[in-house]
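Novice: Just a sequence and a predicted model for now, questions to come.
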8 protein chains.
Amino acid sequence: MELIVYLSGEVHTDWRQQIIEGAEKASLPITFCSAVTDHEASDAAGDILGEESNSFWRDHKSAKVNAIRTRTLIEESDVVVIRFGDKYKQWNAAYDAGYCAALDTPYITLHDDSLIHALKEVDGSAMARAKTPGQVVEVLKYITKS
Amino acid sequence: MELIVYLSGEVHTDWRQQIIEGAEKASLPITFCSAVTDHEASDAAGDILGEESNSFWRDHKSAKVNAIRTRTLIEESDVVVIRFGDKYKQWNAAYDAGYCAALDTPYITLHDDSLIHALKEVDGSAMARAKTPGQVVEVLKYITKS
Amino acid sequence: MELIVYLSGEVHTDWRQQIIEGAEKASLPITFCSAVTDHEASDAAGDILGEESNSFWRDHKSAKVNAIRTRTLIEESDVVVIRFGDKYKQWNAAYDAGYCAALDTPYITLHDDSLIHALKEVDGSAMARAKTPGQVVEVLKYITKS
Amino acid sequence: MELIVYLSGEVHTDWRQQIIEGAEKASLPITFCSAVTDHEASDAAGDILGEESNSFWRDHKSAKVNAIRTRTLIEESDVVVIRFGDKYKQWNAAYDAGYCAALDTPYITLHDDSLIHALKEVDGSAMARAKTPGQVVEVLKYITKS
Amino acid sequence: MELIVYLSGEVHTDWRQQIIEGAEKASLPITFCSAVTDHEASDAAGDILGEESNSFWRDHKSAKVNAIRTRTLIEESDVVVIRFGDKYKQWNAAYDAGYCAALDTPYITLHDDSLIHALKEVDGSAMARAKTPGQVVEVLKYITKS
Amino acid sequence: MELIVYLSGEVHTDWRQQIIEGAEKASLPITFCSAVTDHEASDAAGDILGEESNSFWRDHKSAKVNAIRTRTLIEESDVVVIRFGDKYKQWNAAYDAGYCAALDTPYITLHDDSLIHALKEVDGSAMARAKTPGQVVEVLKYITKS
Amino acid sequence: MELIVYLSGEVHTDWRQQIIEGAEKASLPITFCSAVTDHEASDAAGDILGEESNSFWRDHKSAKVNAIRTRTLIEESDVVVIRFGDKYKQWNAAYDAGYCAALDTPYITLHDDSLIHALKEVDGSAMARAKTPGQVVEVLKYITKS
Amino acid sequence: MELIVYLSGEVHTDWRQQIIEGAEKASLPITFCSAVTDHEASDAAGDILGEESNSFWRDHKSAKVNAIRTRTLIEESDVVVIRFGDKYKQWNAAYDAGYCAALDTPYITLHDDSLIHALKEVDGSAMARAKTPGQVVEVLKYITKS
């Protein structure tokens, strides 16, 4: 059972790396993917098509260029892992959760206990909620075992 | 052209009321709906089925009972208006945006300029972004004109 | 918010009647529907089209005639309530649960604690699990409140 | 014509093994898959994410972790074989049948004559009903012949 | 339970009339519809848009104009009844059966025993097969009973 | 048979009016709808949400506000009539044709012979092609006849 | 551009062989598939699961076993070629055409001029109509050219 | 991240070649495809099936043969690039845009500033708008970066 797993959300800690390394160590048959996680490059994605003086439209252009990548990858994925950290609004992570829910793509949330109440709708349609990257790796190991 | 419009997001100001009254004043052929906006009742929705000692599962039960209502209404709606205020995480609002995007249900965001950058993905797939409830009413008036 | 609610499962106790009466007493804007619950009529549904000597094919014909009704009603329903009693196999109830899950139609299970473990997959994709018809009425009252 | 065949249902006899060996012996171009069939591991799947004191929620967590695997595999499968034995409730098997029916994934039931009446709805939307694993192999051989 | 029932197939006998009258006599909550059954008008449907000298294109234009009506009606119907008589090719009736099968719209075939073998694929995905219009009425009476 | 018919395309002649009046004269059970056909109002639709100095973004905002209306109406329509005149690019009309084709909504084109070659892909998936509004009325009369 | 092409319909002449050989000669990147075309084996497909005394049910079982194969292959195909000969009812061929139409799978019909009128609905939603296997090969050559 | 990119629209300049060469130079993991871009061959595609004296039907046949190829390719593509030049009506390009919009396939438009107003609906649902083939290559490079 080969899986494509999309890693969504927080870009300021190394949780993606931990999951990818954990999966590699366990030789799991998984291909990982994600948005462009270089924050500055992501914000500037639309500049490729010409610069904008208005910041709303600059963000808009960049968001859409990024969406070509992210929607395509999410739609190809079997499972999505969505990480919420303790900083920033992270509305794009919650947006991805809603997107997965409507597509019926199973997703796993990854967050601390302090965020439980704020994430209750997001967790409500998740298939699992993990506290650590290590737990995510264990779940992936379990669901891909032959 | 009759419309069903779902009002999602922030529950601490009277923006829903302003939109509903503006639409009534203009006699727009619109039926409005929304989640249960009584915060306490919403948090306790799952208690109907028995109390839970563990707060994660209490939230989980309530979130799912609420989702029976909200998913049904969002799926019946023609347009969704999603309000982001300046307090709280409001992940359920961003979740609804992602849900609408995947369903191809057009949505309009309603938020201040200060949130533009944080909401760029959410605005990226919105059909319109308004700053005031009055603007939302004007858009609804325009799109329903005969 | 008007709802169509399909009542699936056990036909030997009056749980349907209790829910319908509870909803009427509370004046809920709900239309209830269900399979033909007269067990003998249901088993004989296929005989309309000619009798069968082979019991497998008699059951087969009847199951399909009943399915014209049940599929149509389940697909029109907003919410499905699925009751599991303590007798019989009730595979059709679990079948309806799987059918709803794949259609993304929210369903509520109704069963005693003694069946928790056996129903874990069925409850796993339910939006709520009630122990009594009264709880189901309370949930319906909550989700339809204006 | 290569097929992916999901084997659902009873875990207490070696019917899966018989089908897989029969298919191998006949060199059929089929990949078989199934849920995790180690009963204890399956019941404990959710424990990876932290233990639960309440048995309902323990089952719930495990059911959902298992569902990440089973839904993904069922949705990728071309044909599903669903086995009903003479013990236990086996509601998950009937649930899988309903799930396949709604997805229009063809499924084959495998059960004794004694269960015919109880399974009439499940057999009603099956594409075939076999009595022995050997018959399933013969059907698979027939439908994959070049 | 109100139903929309589409009556497809043979246009040379009064089977439609028999079903409609039987349903009226029993006060069934059913709306019947069908293609334009006036054979000549149907063949000339495309002439509205200009005459064609080439008979293939005349048929083509007419078939498409008729399809605007028939597809719309079949897609709105809950149940389709498809009649095969003993004359003509009636490929459009079999075409409608395949169309319904792919849409998962339940259909009932109506034909004599002499056509059983020739219609085995068409009957294979039907929900019922009747021999007389009276049987169709009885099935409709059964599935709409309250 | 009641129909909702969307009238798309050219806004500089009175073809919409001719079709609506023809349908009224014949008492056809049809509800007509269309985009906002007041060209200036349509171009200014986005200004409701604040003016834009950059003409690309002004058009963009207006196009999306208009799309809330047009997509909703097209998705609710049973038949779409698409008019191509002899002036302007009219890419939005061809866009609507492609949109209908992908949704499998039947559409009728309305244009002169001089545009046949340029419209061959658009006509290729149309269900009918008319030269005059009167022909469109005749087709609508035919397909709605009881 | 690699294609999967399903060859449906008449089994009494060598048209399948002609198309396959023509495609091979031209080195087209096409994989062909079809139902089991051995008429007797096809009629007996259900006997694998036990013999039936009633001919309706024998046909029924066989039709369903065959449908596991044919539906799976048609749903995987990019293009379907459907051949109508001058003998037999060939309702399964017209059924396949309707099935393809509803799935939006492009199909090409292959038949003599004598069948034009009888096949007008089937041709009406075809993407092409050929008179000879050679023409089908030419069309396939054209649509796969790099 | 491997992509399939369909190149739609104008056939009179070498923009396709520029994009393909740019992608090759950057070693992007992209497979490009398009309609048959030999204008004369495309117009004559239907002649394979017999010549037509009526130019409408000649165009019709050719358009449908071409559509077998183009629909299949567009439905397999992850991203579509649609080029509008300054000559001709190019309705097929706008048609492809509408088709992509309805399928939710992300598309990028490529055109000069002079066409902005005429293309506002087409750009309104595009994910990006480029002015030069080089910009398209840069966007593709960005969205496929690992």
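Specialist: Sure thing, it's come through.
Novice: so what pLDDT did residue A:29 get?
Specialist: Residue A:29 is assigned a pLDDT of 98 by the prediction.
Novice: Relative to residue A:1, how far out is it?
Specialist: Look at residue A:29 and residue A:1: by C-beta to C-beta, to the nearest Å, they are 7 Å apart. Every residue, glycine included, has its C-beta placed from N, CA and C.
Novice: overlap in contacts of the two?
Specialist: residue A:144 (C-beta atoms under 8 Å, 6 or more residues apart in numbering or on different chains).
Novice: wait, isn't residue A:5 in contact with residue A:29?
Specialist: No - at 10.7 Å, residue A:5 does not count as touching residue A:29 under the criterion of C-beta atoms under 8 Å.
Novice: Now do the same for the closest residue to residue A:13 other than its chain neighbours: helix, strand or coil?
Specialist: Excluding the flanking residues, the one nearest residue A:13 by C-beta to C-beta, 6 or more residues apart in numbering or on different chains is residue A:85, at 6.4 Å. In three-state terms, and counting by DSSP: H, G, I helix; E, B strand; the rest coil, residue A:85 is coil.
Novice: Correct me if wrong: residue A:85 contacts residue A:10.
Specialist: Yes - using C-beta under 8 Å, residue A:85 is in contact with residue A:10, at 3.9 Å.
Novice: Which one's more surrounded, the two?
Specialist: Between residue A:85 and residue A:10, residue A:10 has the larger neighbour count (other C-beta atoms under 10 Å in any protein chain shown), namely 21 against 17.
Novice: got a list of what that one touches?
Specialist: Residue A:10 makes contacts with A:83, A:84, A:85, A:88, A:90, A:93, as judged by C-beta under 8 Å, 6+ apart.
Novice: Now with 7 Å, please.
Specialist: Shown in contact with residue A:10 (C-beta atoms under 7 Å, 6 or more residues apart in numbering or on different chains): A:83, A:84, A:85, A:90, A:93.
Novice: Check whether the top helix by length along chain A comes near chain B.
Specialist: Longest helix of chain A, by residue count under DSSP state H: helix A:55-76. Yes - judged by C-beta under 7 Å from any C-beta of the partner chain, helix A:55-76 comes into contact with chain B at A:55, A:56, A:59, A:60, A:62, A:63, A:64, A:67.
Novice: Would you map the strands across chain A?
Specialist: For chain A, strands defined by DSSP state E occupy the ranges A:3-9, A:30-33, A:79-83, A:107-110, A:128-130.
Novice: Include distance to residue A:23 when you put those into JSON lines, please.
Specialist: Output for those, formatted as JSON lines (distance: least, C-beta to C-beta, whole Å):
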{"stretch": "strand A:3-9", "distance to residue A:23": "8"}
{"stretch": "strand A:30-33", "distance to residue A:23": "5"}
{"stretch": "strand A:79-83", "distance to residue A:23": "11"}
{"stretch": "strand A:107-110", "distance to residue A:23": "13"}
{"stretch": "strand A:128-130", "distance to residue A:23": "14"}
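Novice: wait, which of these is closest to residue C:142?
Specialist: strand A:128-130 (24.4 Å; C-beta to C-beta).
Novice: avg pLDDT for the closest one?
Specialist: Taken as a whole, strand A:128-130 has an average pLDDT of 98.
Novice: For that strand, which helices and strands make contact with it?
Specialist: Here strand A:128-130 touches strand A:107-110, helix A:133-143, helix D:55-76, going by 3 or more C-beta pairs under 7 Å, 6 or more residues apart in numbering or on different chains; DSSP states H and E.
Novice: try 10 Å
Specialist: When contacts are defined as 3 or more C-beta pairs under 10 Å, 6 or more residues apart in numbering or on different chains; DSSP states H and E, strand A:128-130 packs onto strand A:79-83, strand A:107-110, helix A:133-143, helix D:55-76.
Novice: if we can go back for a sec, and the longest helix of chain A with chain H, contact?
Specialist: Yes - judged by C-beta under 10 Å from any C-beta of the partner chain, helix A:55-76 comes into contact with chain H at A:61-73, A:75-76.
Novice: List the buried residues for that helix?
Specialist: For helix A:55-76, a neighbour-count test (16 or more other C-beta atoms under 10 Å in any protein chain shown) marks A:56-74 as buried.
Novice: With only the CA atoms kept, save it in PDB.
Specialist: Extracted C-alpha coordinates of helix A:55-76, given in PDB (Å, rounded to 0.1, in the frame of the first residue of the first chain):
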ATOM      1  CA  SER A  55      -0.600  44.800  -1.300                       C
ATOM      2  CA  PHE A  56      -4.000  43.100  -1.500                       C
ATOM      3  CA  TRP A  57      -3.500  42.200  -5.200                       C
ATOM      4  CA  ARG A  58       0.100  41.200  -4.600                       C
ATOM      5  CA  ASP A  59      -1.100  38.700  -2.000                       C
ATOM      6  CA  HIS A  60      -3.900  37.700  -4.300                       C
ATOM      7  CA  LYS A  61      -1.700  36.900  -7.200                       C
ATOM      8  CA  SER A  62       0.700  35.000  -5.000                       C
ATOM      9  CA  ALA A  63      -2.000  33.000  -3.300                       C
ATOM     10  CA  LYS A  64      -3.400  31.900  -6.600                       C
ATOM     11  CA  VAL A  65       0.000  30.900  -8.100                       C
ATOM     12  CA  ASN A  66       0.600  28.900  -4.900                       C
ATOM     13  CA  ALA A  67      -2.900  27.300  -5.200                       C
ATOM     14  CA  ILE A  68      -2.000  25.800  -8.500                       C
ATOM     15  CA  ARG A  69       0.500  23.800  -6.700                       C
ATOM     16  CA  THR A  70      -1.300  23.100  -3.500                       C
ATOM     17  CA  ARG A  71      -4.700  22.200  -4.900                       C
ATOM     18  CA  THR A  72      -3.100  19.800  -7.400                       C
ATOM     19  CA  LEU A  73      -1.100  18.100  -4.600                       C
ATOM     20  CA  ILE A  74      -3.900  17.900  -2.100                       C
ATOM     21  CA  GLU A  75      -6.200  16.400  -4.700                       C
ATOM     22  CA  GLU A  76      -3.600  13.700  -5.500                       C
END
